[in-house]
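Student: need coordinates for the following:
(2 chains)
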Amino acid sequence: MTTTSAQTVITPARTRTAADTVTVRRKQGFQHGAWFVAPFLVLFALFVIWPLLRGLYLSFTDANISGDATNFIGLDNYREALDDPLVWESLGHSAYFTLLVVPCITVLAFLLAMLAHHIERGKWLWRLCFFAPFLLPSTVAANLWQWLFNPGTGMVNHVLGIETAWLTDKSYAMLAVVVCTLWWTVGFSFLLYLAALQGIPAHLYEAAKLDGANAWHRMVHITLPMLRNITGLVLALQILASLQVFDQAVVMMDFLPGPEGSTRTFVQYTLEEGFTSYRVGYASAISIIFFVIIAAVALARMWLLRNREEGGR
Amino acid sequence: MGRPGLNRRQLLAGLGGVTVAGSLGFAALGTGADALASGADTRVRYWNLFSGGDGYNMIAMLDSFRRANPDIDVKDSTLQWGSPFYTKLAMAAAGNRAPDLGVMHLGRVTGFSPGRLLDPWDVDLLAKYGVREADFNPELWKRAVIGGKLYALPLDIHVQLCFYRKDVLKKAGLLGDDGHIVPVTSVDEWFDVLKEAKKATKKGLQTIGMWSSDQNFQWWFFVAFYTQLGGTWFDDANTEVTFDTDKATQVLEFLRRHLTDGYVNPGFAGGAGAEQFVNGGPFVWEGNWSVPVFDGAKIEYGATPLPPVFGQQATHAESHSFVLPHQADRGGAANEGAHQLAAYIVQHAQQWAAGGHIPAYTPTLSSAAYKKMNPQSEYVSAMDHQATEPKVWFAGSTGILAQRVGPIVVSSTVGSAKPDAAARSMKSTLTELLASKNPMDGRTAAQGGAVA
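Tutor: Numbers count the residues shown, from 1 in each chain, chains lettered A, B, ... in the order given. Predicted structure coming up:
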């Protein structure tokens, strides 16, 4: 769902001239294209649209996991959700995580990309090092960091010479998840930045140099503006992905909601209600609420982007 | 390349064909192929949740059953324990794809919709294979009976224990002539023991590991000590909360004091407690499943039930038990095979006891071979003073009750909430849960929720 909405968001505005001229060819193109996208559309309808509609229906019922004895209860689940402190608490945790991760990952990815772009010796090694963690499954990354954060034998405390209870103290648990996430996922944004950096025409820098611009000026007036679109993409993808944080937090906390529930994210709470408490109807209702929130974030970003583009014209 | 010569109708027909062929193929894989491979007459599908040492022991027991009964093909599947296991079991039973035999924590049976997701045991059939009510601890058996029918066949109880290092305690003068820890009968005595033990402990190690920030362990310890005080949860009709906040406060203060008096280092919470113990920490409160771990570490240790600091012996106990997940057409050879297999394993639980669990089957429990096991024989008495969660639909291992109340106990133990406030908060959560409806049948505990 995320990638789809993100893709819609980032599709660059099509140049009007090309689109308007040959309507006939475009129509034919559509017919051909339909066959190519059909497999995707079928799967999308089957595994996204249908479950979404089904979830919407279930959110108005008191369905349980066994699927029988289901009654239509109207908006009761939604009413309950608004009064449920755990809904707000877990939503707060997901938002807190997003606020920490998104800026860090964007800056970090940019810096690493600059480093890998400009360094001459062993270029491939740097790129591999920065990108490799992203290839690991979340469980591997989470287990790895669980060891590193272990208070007795873990490397983090050993290196820093401290005795912090990273995974069992509620003030640090979410930070530990954030650190793991940064290490694990920065590679993807790094790659986007690297590709964008390589796409900046060299003649721009040459011209600037001739005009006497120093490194700082070149960065501020060429690099950063040329990376604006990619930064928008990184931010969008990271916000949407971070709001849905789940697996690394759950694995790092041994399938529990962390010390005093401090790493219980919204997705985890939905899972608990649906699959531990067997309240499928209620879990559907809160996941629909979450869907609306995420869709709102995606739409807000799209709206902001459009305004900015129009303003810039 | 030209456009593919395919219209919508042809495509649909093609897809339909592929689907039918595919499902037939899978069906063949699921049943025919297995039966062909084993050549056995009966096939018993068995789901369990045992990994690690328990998994190894269970597989060894299954193999000896297979050797003794070559006509029965046991197809066992091990799934991730905890909520994921129960979810899969519930959905399989609801979708009529349930295995012939399953394992559950006894405390979860009440909430697992007996009669709808679980089928009752055929007690006569069990007797045919040598398992009778008289061979079990009565309390344990009683917990498995719901609405007059037996829904679970207990395999063991597993309890929280107080593990101690004999080498450290000897140095501290806390080891009796029998090589066991000196008896403890009150809170003051217990903290005196910790004080002496601390003096004999190497620098950098904590005195006792007690999972101070783990919601499951802290809840289990609470259940144990609250039961020692004679505390109750609900009245018999499950209409009123009888939870005693004064007693609860006493327990919460007791747990908290381990941290405030400096015997627990919050930095070594969770699994790090066991690590500290192996490195020379004098005490750790752990589940009996840690016995193989400490055996493997080759340390000199003993294990008793949790100290009876409030006078009365009681330690938290759960039980692995066999269940029959609901099948619309339960019966026949596979069903009888399930009875035979469960009865066999219950009776051959000597191997199981090596994993630290206390066998539920009393003939095994009182056998000479079991009595020789160490430290198992030191804590076998726990069978007679089990502290368990109330018998309601929301209780049981990793269930809703633990999930809701566990974090409150933790908040008091680690100091982010005052014990008396935490006790009140526990009571209001219990009140809320008692009034809530079981999603399986829409009835509250008082209305007999989940008991069909």
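
Student: next, please give the residue ranges for the strands of the stretch 151-300 of chain B.
Tutor: With DSSP state E, counting those that start in this stretch as the criterion, the stretch 151-300 of chain B has strands at B:153-154, B:156-165, B:208-209, B:283-287.

Student: list the helices and strands the third one packs on?
Tutor: Meaning strand B:208-209. For strand B:208-209, the elements it packs on are helix B:272-279, strand B:283-287, judged by 3 or more C-beta pairs under 8 Å, 6 or more residues apart in numbering or on different chains; DSSP states H and E. Glycine gets a C-beta too; all of them are placed from N, C-alpha and C.

Student: quick one: residue B:235 and residue B:390, what's the gap?
Tutor: 10 Å (C-beta to C-beta, to the nearest Å).

Student: of those two, give the one with the bigger neighbour count.
Tutor: More crowded of residue B:235 and residue B:390, by other C-beta atoms under 10 Å in any protein chain shown: residue B:390, with 21 against 12.

Student: that one touches residue B:234, doesn't it?
Tutor: Yes: using C-beta atoms under 8 Å, residue B:390 makes contact with residue B:234 at a distance of 5.7 Å.

Student: residue ranges with poor pLDDT in the stretch 1-150 of chain B?
Tutor: Along the stretch 1-150 of chain B, segments meeting pLDDT under 70 span B:1-39.

Student: chain A too?
Tutor: Ranges of chain A meeting pLDDT under 70: A:1-26, A:308-313.

Student: switch the cut-off to 80
Tutor: Of all residues in chain A, those with pLDDT under 80 make up the ranges A:1-31, A:66-69, A:152, A:305-313.

Student: show me what from it comes close to chain B.
Tutor: A:32, A:35, A:62, A:64-69, A:71, A:150-153, A:163-165, A:167-170, A:254-257, A:259-261, A:272, A:275-281 (C-beta under 8 Å from any C-beta of the partner chain).

Student: follow-up on the earlier one: now render the strands of the stretch 151-300 of chain B as JSON lines, adding mean pLDDT, mean neighbour count and distance to residue B:447.
Tutor: Listed next are the strands of the stretch 151-300 of chain B as JSON lines, based on pLDDT from 0 to 100; neighbours: other C-beta atoms under 10 Å in any protein chain shown; distance: least, C-beta to C-beta, whole Å:
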{"stretch": "strand B:153-154", "mean pLDDT": "98", "mean neighbour count": "22", "distance to residue B:447": "27"}
{"stretch": "strand B:156-165", "mean pLDDT": "97", "mean neighbour count": "25", "distance to residue B:447": "30"}
{"stretch": "strand B:208-209", "mean pLDDT": "96", "mean neighbour count": "28", "distance to residue B:447": "42"}
{"stretch": "strand B:283-287", "mean pLDDT": "97", "mean neighbour count": "24", "distance to residue B:447": "34"}
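
Student: in CSV: those strands, plus distance to residue A:288.
Tutor: Converted to CSV, those look like this (distance: least, C-beta to C-beta, whole Å):
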stretch, distance to residue A:288
strand B:153-154, 42
strand B:156-165, 40
strand B:208-209, 43
strand B:283-287, 39
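
Student: I'd guessed residue B:319 sits against residue B:158; true?
Tutor: Yes: between residue B:319 and residue B:158 there is a contact at 7.2 Å, judged by C-beta under 8 Å.

Student: hmm, who's touching stretch B:438-448?
Tutor: A:62, A:64-66, A:69, A:71, A:277-281, B:111, B:113, B:116-117, B:147, B:234, B:237-239, B:392-394, B:434-437, B:449-450, B:452 (C-beta atoms under 8 Å, 6 or more residues apart in numbering or on different chains).

Student: off-centre distance for it?
Tutor: Relative to the centre of its chain, stretch B:438-448 is centred 23 Å away, using C-alpha atoms, centre = their mean, to the nearest Å.

Student: just the buried ones among the contacts of stretch B:438-448, please.
Tutor: A:62, A:64-66, A:277-281, B:111, B:113, B:116-117, B:234, B:238, B:392-394, B:434, B:436, B:449-450 (16 or more other C-beta atoms under 10 Å in any protein chain shown).

Student: residue A:275: neighbouring residues, count only.
Tutor: 19.

Student: so what's it closest to, chain neighbours aside?
Tutor: Counting by C-beta to C-beta, 6 or more residues apart in numbering or on different chains, residue A:275 lies nearest to residue B:87, which is 4.3 Å off, once chain neighbours are set aside.

Student: so the one you found touches residue A:271, yeah?
Tutor: No: using C-beta under 8 Å, residue B:87 is not in contact with residue A:271; the gap is 9.4 Å.

Student: enumerate the residues of the stretch 51-200 of chain B near chain A.
Tutor: B:82-84, B:86-87, B:90-91, B:93-95, B:113, B:116-117.

Student: next one: residue A:98 from chain B, what distance?
Tutor: The gap separating residue A:98 from chain B is 23 Å, by C-beta to the nearest C-beta, to the nearest Å.

Student: before we move on, what about residue A:234?
Tutor: Separation of residue A:234 from chain B (C-beta to the nearest C-beta): 34 Å.

Student: look at residue A:43 and give its secondary structure.
Tutor: Counting by DSSP: H, G, I helix; E, B strand; the rest coil, the backbone at residue A:43 sits in helix.

Student: my guess is residue A:145 contacts residue A:252. True?
Tutor: Yes: the criterion here is C-beta under 8 Å, and residue A:145 meets it with residue A:252 at 6.3 Å.

Student: so what sits against both of those two?
Tutor: A:176, A:180.

Student: dump the residue contacts of residue 81.
Tutor: This is for chain A. A:87, A:282, A:285-286, A:289.

Student: should've been chain B
Tutor: By C-beta under 8 Å, 6+ apart, residue B:81 lies in contact with B:49-51.

Student: any idea which of those residues is closest to residue B:358?
Tutor: residue B:50 (15.9 Å; C-beta to C-beta).

Student: that closest one - how many residues pack around it?
Tutor: 19.

Student: let's verify it: helix, strand, or coil?
Tutor: coil.

Student: circling back: among the buried ones among the contacts of stretch B:438-448, which are located in helices?
Tutor: Judged by DSSP state H, helices contain the following of the buried ones among the contacts of stretch B:438-448: A:280-281, B:434.

Student: closest to residue A:102 among the residues you listed?
Tutor: Nearest to residue A:102 among those, with distances taken as C-beta to C-beta, is residue A:280, at 31.7 Å.

Student: quick one: the strands in the stretch 301-450 of chain B, in order.
Tutor: B:301-305, B:315-318, B:320-325, B:358-359, B:386-387.

Student: centre of the chain versus the longest one, how much separation?
Tutor: Yep, that's strand B:320-325 we're talking about. In terms of C-alpha atoms, centre = their mean, the centre of strand B:320-325 is found 12 Å from the chain centre.

Student: for it, name the packing helices and strands.
Tutor: Checking 3+ C-beta pairs under 8 Å, 6+ apart, strand B:320-325 ends up next to helix B:83-94, strand B:101-105, helix B:106-109, strand B:118-119, strand B:153-154, helix B:332-347.
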